Structures are given as C-alpha cells and as structure tokens.
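>>> model this:
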Amino acid sequence: MKISGWEGSEASMDVVFVHGLGGDPRGTWHHQHGINDDNFWPVWLGKEQLGLNIWSFGYDAKATKWQSNGSMPLFDQASNLLDWLNSCDLGKRPLVFITHSMGGLLVKKMLSSANNFDNYKGIIEQTKGIVFLATPHTGAHLANLIDNIGVFARTTVSVEELKAHDSQLRELNEWYRENVRSLEIATKVYYETQPVKGILVVDEDSANPGIEGVKPVAIPKHHIDLCKPG
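Predicted coordinates for the structure are as follows:
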C-alpha cells in the first residue's frame, strides 16, 4: 500500500517497507498497532524528507498454520514482491528498502530473482539501499524453537525456511555478499540486544551479512520493537 507520496517530477525516491514473520504492512512499524499516524514512523519519514514516496508491502507471514492456511515459500513470496513493485510502477526512480526480520531475506531473494529477467532490470538497477533490521541472514534460533514443538505449532513454510544455518539462506546471503558491490547497493545493518520472553531471536552473528565495510549496529530493544523507533 502507498503511505504517502508526490506526483510526477516532484517524486525523487521510493522507499518501501517490508515486514517480517508475524508482521503486517502497518502494525509492524506502529507502536500501538492503531490507526493514529502520530505513531506510524513511515509517515514521519515522508514528512521529514521532501520528494519521498513511501510504500509498505504486505504478505502472508504467519508463523503457524493455526493463524494461516500456510504461507508460500520464499521464492514465491519474492515473485509476488516483484510483481507488486512492477504493478506500482516502481523501478523508475531510486529505490530504498527498509526491512524487518524475514522481510530482509525476501528483498534479497527478490533482487536475486530480478537479476535473471530483463523486464525487472529497472528494479534491480534502481535499488540504491537496503536497511536490514534484525534480519537473520543465517537463520533464526526462534524458528528452530517453534519447529521443536511441531505438532502443537503446525509451523508454516516461512518458519521452516528461517531455521538457523538453513542452506538456502546461506546461499542467498553468499549471492548478496558477492553482488552487492557491483550492484552499488548501500547496506545498513541493525540487530537487537534484548530477548523476547527469554529468547534473543536474531543475535549479532545471524544479523551480520558479512559484507566488507558494513558493521552491524546494536539497538537496545527486542526483536519486535526494534522496528518501532520513537
């Protein structure tokens, strides 16, 4: 959905927010999960910086099948993101993605997919920056914990793909690390330092994509509140 924006030549950049596991396009970035824009920082960003179009992408990212009929694999989610970006006519101006948790993996997968198709060339060429907020580049231990209670949780595909040291995530991160310099994508990385119910969901090691010159920055918040500044 489009949060705020400018028309025609007044727009200089598109900023796309992408939520993570268990999130949604508004509540993830909103302190009270309400409708008051005073607590919705994508709106603040649009007001602070002239010329920005602010967008928020939503997708099924439930953790268990009790909450959802089952989310799609990362590849399919990435294809949907590509189609959505294309339908919104994004990729004609510089693009910046602000991602939380699994949202960062989704954006990386989207870029690796776009790299294989000429009709998405504008999207990958216009991507100028990605902010990773507690993105588990090598998987999250919480996914392993949820999976361990198996029959009770009935985990979705999204959780299965987030397990620590998952081979698909490792390959995806290697692709990003090897191509980020040639693609000229500025990368910022942040990680949590406080646990959620005793669990540090994404620690510094998992949050670190291993890109030369990119130092992960600690934020004294837990996984859920990390993406809610203010």
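>>> Where does the prediction get shaky in the protein?
Scanning the chain for pLDDT under 70 picks out 32-36, 38, 61-72, 140-166, 230.
>>> What is the subsequent helix or strand relative to the longest helix seen in it?
The longest helix of the chain (DSSP state H) is helix 167-183. Beyond helix 167-183 on the C-terminal side, the first helix or strand identified by DSSP states H and E is strand 186-192.
>>> measure the closest residue to Cys227 other than its chain neighbours to Leu52 for me?
Distances taken as CB to CB, 6 or more residues apart in numbering place His100 nearest to Cys227, at 4.2 Å, with adjacent residues excluded. For the C-beta atoms, the positions are set from N, CA and C on the backbone; glycine is no exception. Plainly put, His100 is 19 Å away from Leu52 if you go by CB to CB, to the nearest Å.
>>> higher neighbour count, these two?
Per other CB atoms under 10 Å, whichever of His100 and Leu52 has more neighbours is His100, with 25 against 22.
>>> so what's that one bridging to?
Counting by DSSP bridges, His100 forms beta bridges with Leu133.
>>> Correct me if wrong: it contacts Gly22.
No - His100 lies out of contact with Gly22 (CB atoms under 8 Å); the separation is 10.2 Å.
>>> relative orientation of the longest helix of the chain and strand 186-192 in degrees?
140 degrees (axes from the mean of the first three to the mean of the last three CA atoms, to 10 degrees).
>>> List the residues that contact the residue most central in space within the chain.
For the chain, Gly103 is the residue whose C-alpha lies nearest the centre (CA atoms, centre = their mean; 2.2 Å). With contact taken as CB atoms under 8 Å, 6 or more residues apart in numbering, Gly103 is in contact with Phe17, Val18, His19, Gly20, Gly23, Thr135.
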